[in-house]
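Asks: I would like to see how this sequence folds:
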Amino acid sequence: CRCLQKPTSPSPFTPTQSHTHSHKMATMLARISALQRSPVLSAVAVRCHSKKHSGLPTELDKMNMRRFDDRALKTAVGGSAYKAFHDSIMDGSHMPAEAGEELAKALGKWAMSHGATKFSHWYQPVRGACGIAVAASKKETFIDFHYSDKSLLKFFEPGGFDAGRLFTSETDGSSYPNGGLRSTHGASGFTGWDRMSPPFVRGTTLYIPATFVTWNGEAIDEKTPHLRSIETLNKQSIRVLRALGNTRSQRVVANNGAEQEYFIIDARSYSKRPDLVNGGRTVIGAEPIKGQQTSQNYFGPYPARVARMMEEVEAELWSLGMSFVVQHNEVAPAQHEFSPVFSLSNVSADQNVMAMEVMNEISAKHGLKVLFHEKPFKNINGSGKHCNWGLNTDDGDNLFSPGRSPENQRRFIVFVACLARAIHLHGDLIRCGVAVPGNDHRLGGHEAPPAIISLYTGTGLGDHIKRIIDGGPLEGYHGNSRTIQVGSPYVAPITGGAEDRNRTAPFPFCGNRFEFRAVGSSQNINWPLTVVNTAVADSLGAFADLVEKGMSVQDTVVHFFRKHGDAIFNGNGYSQEWVDEAKRRGLPNLRSAVDALHTLDSEKNHKLFLDTNVFKPRELAARKTIMLQEYSETILIEANTMSSMLTTGVIPAAQRDLARYSSLSSGERKDVYSKLIASNDALRKAVNELPKADVPQTADYVRQKIVPAMKEAREYADAAETLIADDLYPFPKYDDLLFGHNHHA
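Replies: Sure thing, here's the model as predicted:
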């Protein structure tokens, strides 16, 4: 895990001193008020003041400058409007009309002072975008009629931004993928500001992070189910804390830090590859002689152009209030990663989409292109978006940090037991959370976890769980760091983590959080976080039910581990032994996105989502339809692109190449080129015979017929590439794509 850890300071809340039963109600209300403010005040630990910092670099001095956080709000509005805003977040109500208008006026004034001439609700429809999560926005200018003018032809003036436009907006919902929830004759879609996520100014636009629902209130976006899952997770977490004797904490939130991996290549080479332009990955391409064999790129220096681009990216993200704190080269050539400090999970999702947009825009200015696809290059490491997920209370406790006190250690074990149950019962659903076409190429190798969803505790915690099952106490696991001696007095002893790192694990323990490593790099993380939150909330509720009915906490934990401990695996996730063992344990091995998505609307999952108020039945059915359609459409775009590249580019080049050998031995060329033509014909036949069927059947056909045809055509296309003369080959090769931008200052 390369996301920053702050085990004693669980962002976004400020740690508080221990509470006692003698605290007065005023103290409690003040603490709750601090909770209400904190998500808008900041989603990260990094801060800067509005005044200039003497001696700081300009980029750091502008940190958080273009985000309307709680400090900006408090400065801009009066005390009653400020309180009304936070009260409305706490109870989910409208702000009083007068206070809402005061807030809207203040926000508009602030935005225009930062160069904004427009505003827009910024929302995230459920749609596949060929290798990148994409938000949506409809921009409106800060102008309106001068209504006090009595003339028939009124003039415009700056303004027009009121509470109605701040909090809600209406747009079309039928043109986005919606799974039948919208139609041309029932098309309304409504956006609503997520008041936990601060607005920000980019360029000349004020962006207001928003949900997106139908006229019937049904979710057709990524954010709405996530927000619902956060609420059910909070409710069930509080029940468990009460069962443990905690009467202090009033709210539990999910935090997340997304480690974003990506490739950067030359934009000119990118534009000459139809497969990258259309789908974000190369559907043909022979391995380069030198790839990632020597790990030369890993944590090495950036190419000069990439360094300049990333300096601009980090400055932009800092000014928008995102804690862009870690960046480095990854193992594969041209591959990189960045990590923020963790934040509220809904804010983390917004900021990740924002970061992808920023990187795309800034890379173009530098003649570069960012690839967020899970597997842009065959036999080269793929890219993930490891979600460092954890739970925190409003009074400063990290629920996945063992702590030093027996009380905290017991609480930690309780929440780990609930997580184990969630993964054991809902591994299929969590696999659905990462069921995107690109992940089918990535999962199961090259540092990506397998499709079998399991929980890695590490040997120390694993041994402690075994002792609990055998009758030992819940407390006793301290998560203590270990001291590592280098063997030279020149180097001080190194402090290592309590558990080793397992990069083959889909869900490993990282000392104070768990890392969901299976998430794909192109994904909108709202969806995978939604399924994790929902599954864990279900298990927390089941735990609370048993304790409230009279079972002891100790017996409930033992019951959970005995019944659901098969989800825990601390070995090599790549081994055949684990595949066999997982089958024996009854853990699903859903190798493809289609296999996974067929389980999404199972009776179990229907009940889970309904009981937790995350999805209504129609919404869940729509989500399955949308995701299966995305799979089929993505593969069909790739297949048609591949056939076009072969038909109009590679095969003509192969024919010209073969003609050069009229008086020489052509070796295997004729055989390879003939098989290439035949495999391309077979691919086109498979695409043309796509049946007119329902969405699940279409996805099955694409998976079973078109994907294998593409694999065979690629085999001969890649073989042909190694034979065709360089001056005849029509597309940039892997050498050009992976290393070409390194040679330009």
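Asks: for Thr457, give its distance to Leu107.
Replies: Applying C-beta to C-beta, to the nearest Å, the value for Thr457 to Leu107 is 46 Å. Glycine gets a C-beta too; all of them are placed from N, C-alpha and C.
Asks: over to Val491?
Replies: Distance from Val491 to Leu107, by C-beta to C-beta: 52 Å.
Asks: average pLDDT across stretch 321-333?
Replies: The average pLDDT within stretch 321-333 is 93.
Asks: which of the residues in that stretch are buried?
Replies: Residues Gly321, Met322, Ser323, Phe324, Val325, Gln327, Asn329, Glu330, Val331, Ala332, Pro333 are the ones in stretch 321-333 that count as buried (16 or more other C-beta atoms under 10 Å).
Asks: quick one: low-confidence parts of this protein?
Replies: Residue ranges of the chain with pLDDT under 70: 1-54, 128-131, 743-745.
Asks: how about 50 then?
Replies: Low-confidence segments of the chain, defined by pLDDT under 50: 1-53.
Asks: summarise which helices and strands the longest helix along it is packed against.
Replies: Assignment by DSSP state H gives helix 617-645 as the longest helix of the chain. Judged by 3 or more C-beta pairs under 8 Å, 6 or more residues apart in numbering; DSSP states H and E, the packing partners of helix 617-645 are helix 274-279, helix 437-440, helix 593-597, helix 603-611, helix 669-688, helix 695-701, helix 707-721.
Asks: counting neighbours, go ahead and name the busier of Val491 and Leu107.
Replies: Leu107 (23 against 10; other C-beta atoms under 10 Å).
Asks: enumerate every residue touching that one.
Replies: Phe68, Ala76, Phe161, Leu166, Pro199, Leu206 (C-beta atoms under 8 Å, 6 or more residues apart in numbering).
Asks: tell me which of those residues fall in helices.
Replies: Using DSSP H, these in helices are Ala76, Leu166.
Asks: out of the contacts of Leu107, which one sits closest to Ile626?
Replies: Pro199 (27.9 Å; C-beta to C-beta).
Asks: for Ala709, see how far away that closest one is.
Replies: 48 Å.
Asks: who's more crowded, those two?
Replies: Pro199 (28 against 21).
Asks: distance check, that one against Arg67.
Replies: 7 Å.
Asks: tell me the spacing between Ile724 and Val672.
Replies: Going from Ile724 to Val672 by C-beta to C-beta gives 10 Å.
Asks: sorry, slip of the keys, the one I care about is Leu152.
Replies: Counting by C-beta to C-beta - Leu152 and Val672 are separated by 77 Å.
Asks: from the contacts of Leu107, which would you call buried?
Replies: In terms of neighbour count (16+ other C-beta under 10 Å), the buried residues within these are Phe68, Ala76, Phe161, Leu166, Pro199, Leu206.
Asks: now render the residues you listed as CSV, adding distance to Leu529.
Replies: Converted to CSV, these look like this (distance: C-beta to C-beta, whole Å):
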residue, distance to Leu529
Phe68, 24
Ala76, 31
Phe161, 31
Leu166, 26
Pro199, 22
Leu206, 26
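Asks: what's the closest of those residues to Lys118?
Replies: Closest to Lys118, out of all of these and judged by C-beta to C-beta, is Leu206, at 7.0 Å.
Asks: contact partners for that closest one?
Replies: Leu107, Gly108, Ala111, Ala116, Lys118, Phe119, Ser120, Pro199, Phe200.
Asks: beta-bridge partners for it, please?
Replies: In this entry, Leu206 is beta-bridged to Phe119, Val201, by DSSP bridges.
Asks: again, but for the one 4 residues further on
Replies: Ala210 has these beta-bridge partners by DSSP bridges: Trp193.
Asks: surely it is in contact with Gly192?
Replies: Yes - assessed by C-beta atoms under 8 Å, Ala210 is found in contact with Gly192 at 5.8 Å.
Asks: so which of these two has more stuff around it?
Replies: Ranked by neighbour count (other C-beta under 10 Å), Ala210 and Gly192 place Ala210 first, with 29 against 17.
Asks: from Gln124, how far off is the more buried one?
Replies: 9 Å.
Asks: and Glu98, how many neighbours?
Replies: 12.
Asks: 3 is where my numbering starts, stick with that
Replies: That works, and once the first residue is 3, the last one we named lands at Glu100.
Asks: where's it, which helix or strand?
Replies: Under DSSP states H and E, the secondary-structure element containing Glu100 is helix 99-115.
Asks: can you check Glu313 too?
Replies: Per DSSP H and E: helix 306-321 holds Glu313.
Asks: test my guess that Asp71 contacts Met198.
Replies: No - the criterion here is C-beta under 8 Å, and Asp71 misses it with Met198 at 11.7 Å.
Asks: residues contacting Ala309?
Replies: If you count contacts by C-beta under 8 Å, 6+ apart, Ala309 has them with Pro303.
Asks: just give me the closest of the buried residues of stretch 323-335 to Glu61.
Replies: Nearest to Glu61 among the buried residues of stretch 323-335, counting by C-beta to C-beta, is Phe326 at 10.5 Å.
Asks: list the contacts of that closest one.
Replies: Phe326 neighbours (C-beta under 8 Å, 6+ apart): Val315, Glu316, Leu319, Trp320, Phe340, Pro342, Ala357.
Asks: let's see if you can find the most crowded of those residues.
Replies: Pro342 leads the contacts of Phe326 on contacts (other C-beta under 10 Å) with 26 neighbours.
Asks: buried set for stretch 572-579?
Replies: Along stretch 572-579, these residues count as buried under the neighbour rule (16+ other C-beta under 10 Å): Asn572, Gly575, Tyr576.
Asks: and that stretch, how far from the chain's centre?
Replies: A distance of 26 Å separates the centroid of the chain from that of stretch 572-579, by C-alpha atoms, centre = their mean, to the nearest Å.
Asks: quick one: end-to-end length of it, please.
Replies: Criterion C-alpha to C-alpha, to the nearest Å; first-to-last residue distance in stretch 572-579 is 13 Å.
Asks: can I assume Asn504 sits in a helix?
Replies: No - counting by DSSP: H, G, I helix; E, B strand; the rest coil, Asn504 is not found in a helix; it is coil.
Asks: just checking, it touches Phe511?
Replies: No - counting by C-beta under 8 Å, Asn504 does not reach Phe511; the two are 9.1 Å apart.
Asks: so what sits against both of those two?
Replies: With C-beta under 8 Å, 6+ apart, Asn504 and Phe511 have common neighbours Tyr458, Gly460.
Asks: these two - which one has more neighbours?
Replies: Using other C-beta under 10 Å as the criterion, Asn504 and Phe511 rank with Phe511 on top: 26 against 20.
Asks: show me what contacts Asp502?
Replies: Per C-beta under 8 Å, 6+ apart, neighbours of Asp502: Gly460, Thr461.
Asks: quick check: it vs His388, distance?
Replies: Separation of Asp502 from His388 (C-beta to C-beta) stands at 17 Å.
Asks: ok, Phe144 next?
Replies: 40 Å.
Asks: tell me which of the two has more neighbours.
Replies: Neighbours were counted for Phe144 and for His388 using other C-beta under 10 Å; His388 has more, 26 against 20.
Asks: which SS state does the more buried one fall under?
Replies: strand.
Asks: what's around the closest residue to it other than its chain neighbours, how many residues?
Replies: Leaving aside its chain neighbours, His388 sits nearest to Glu261 (4.2 Å; criterion: C-beta to C-beta, 6 or more residues apart in numbering). By other C-beta under 10 Å, 21 other residues sit near Glu261.
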